[in-house]
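[1] sharing a model prediction with you, sequence too.
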Amino acid sequence: MTILIIEDEPKTGDYLQRGLAESGFAVRLARTGRDGLALAREEAPALIVLDVMLPGMDGWQVLQALRGDPATEQVPVLFLTARDEVQDRVRGLELGADDYLVKPFAFVELVARIRTLLRRGPVREEESLRIGDLEIDVLRRRVRRGDTVIVLTSQEFNLLHLLARRQGQVLSRALIASQVWDMNFDSDTNVIDAAVRRLRRKVDDPFPQKLIHTRRGMGYVCELAPPA
């Protein structure tokens, strides 16, 4: 199970590489965004630890490229950066990051977050979900509506999977945040709403039957039709 670190600061990069190797992971290290993107495309790592402030091609651009490439769009990405402003965390998550850890950090927390991200996915090998013409193959992390294959990022898949397996239940934004990102969000941010909008553009907008519905003041629910 290979972890790709994209970090330009030499001491931090070497520290992460050594520490994760001692924690039992195979580790690759890239010092620039372009080198990291090339390695990600060549080797399909299990997870990427990505710094934001990189020379040439920054972490935002790397993440956008990862999420725009079918070979890497579902690889979990953990942002590791000294930028701790709320708008930076929101931007990273909206671009498709799966988690966000601010420097300085406790190494044990980093390892715990990595293991949590790696555990996400199918629990039962034959698990699949169906709601109307929507079919979710959890084992292969594939989504279809009828004959149409829907390509989702790792974050989008996790969000849809949560909504679908809790079909008919209204899920609060706080619950969604904790289940999909293992993080707490300030009530005045719109990260969850933005994530749901992106998911709807792929899963609902091209189809006449809508499946993801808003319950004002409560959250979101996945079902065939809203109640009368």
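    Perfect, I can see it now.

[2] burial measure for Val143, as a count.
    Per other Cβ atoms under 10 Å, the neighbour tally for Val143 reads 23. In this view, the C-beta of every residue, glycine as well, is placed from N, C-alpha and C.

[3] send me the helix or strand of the chain with the lowest mean pLDDT as PDB with only the CA atoms.
    Between all helices and strands in the chain, the lowest mean by mean pLDDT, DSSP states H and E belongs to helix 86-94, at a mean of 75. Taking Å, rounded to 0.1, in the frame of the first residue of the first chain, the C-alpha atoms of helix 86-94 are listed here in PDB:
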ATOM      1  CA  VAL A  86     -11.100  28.700   7.000                       C
ATOM      2  CA  GLN A  87     -11.300  29.800   3.400                       C
ATOM      3  CA  ASP A  88      -8.200  27.700   2.600                       C
ATOM      4  CA  ARG A  89      -9.700  24.600   4.200                       C
ATOM      5  CA  VAL A  90     -13.000  25.200   2.400                       C
ATOM      6  CA  ARG A  91     -11.200  25.600  -0.900                       C
ATOM      7  CA  GLY A  92      -9.300  22.400  -0.600                       C
ATOM      8  CA  LEU A  93     -12.300  20.400   0.300                       C
ATOM      9  CA  GLU A  94     -14.400  22.000  -2.500                       C
END
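
[4] what is it packed up against?
    helix 59-67, strand 99-102, helix 191-203 (3 or more Cβ pairs under 8 Å, 6 or more residues apart in numbering; DSSP states H and E).

[5] and these, which one is worst for confidence?
    Across the helices and strands packed on helix 86-94, strand 99-102 has the smallest mean pLDDT, namely a mean of 87.

[6] for it, buried residues please.
    Asp99, Tyr100, Leu101 (16 or more other Cβ atoms under 10 Å).

[7] closest to Val49 among these?
    Leu101 (8.7 Å; Cβ to Cβ).

[8] for the closest residue to the closest one other than its chain neighbours, give me the pLDDT.
    Nearest-residue entry for Leu101: Leu80, 5.2 Å, with adjacent residues in sequence omitted and distances by Cβ to Cβ, 6 or more residues apart in numbering. pLDDT for Leu80: 86.

[9] for the protein, what spans make up the strands?
    2-6, 26-30, 47-50, 77-81, 99-102, 128-131, 134-137, 142-145, 148-150, 212-215, 219-222 (DSSP state E).

[10] out of those, deepest packed?
    Of all the strands of the chain, strand 47-50 carries the top mean neighbour count, a mean of 27, counting by mean count of other Cβ atoms under 10 Å.
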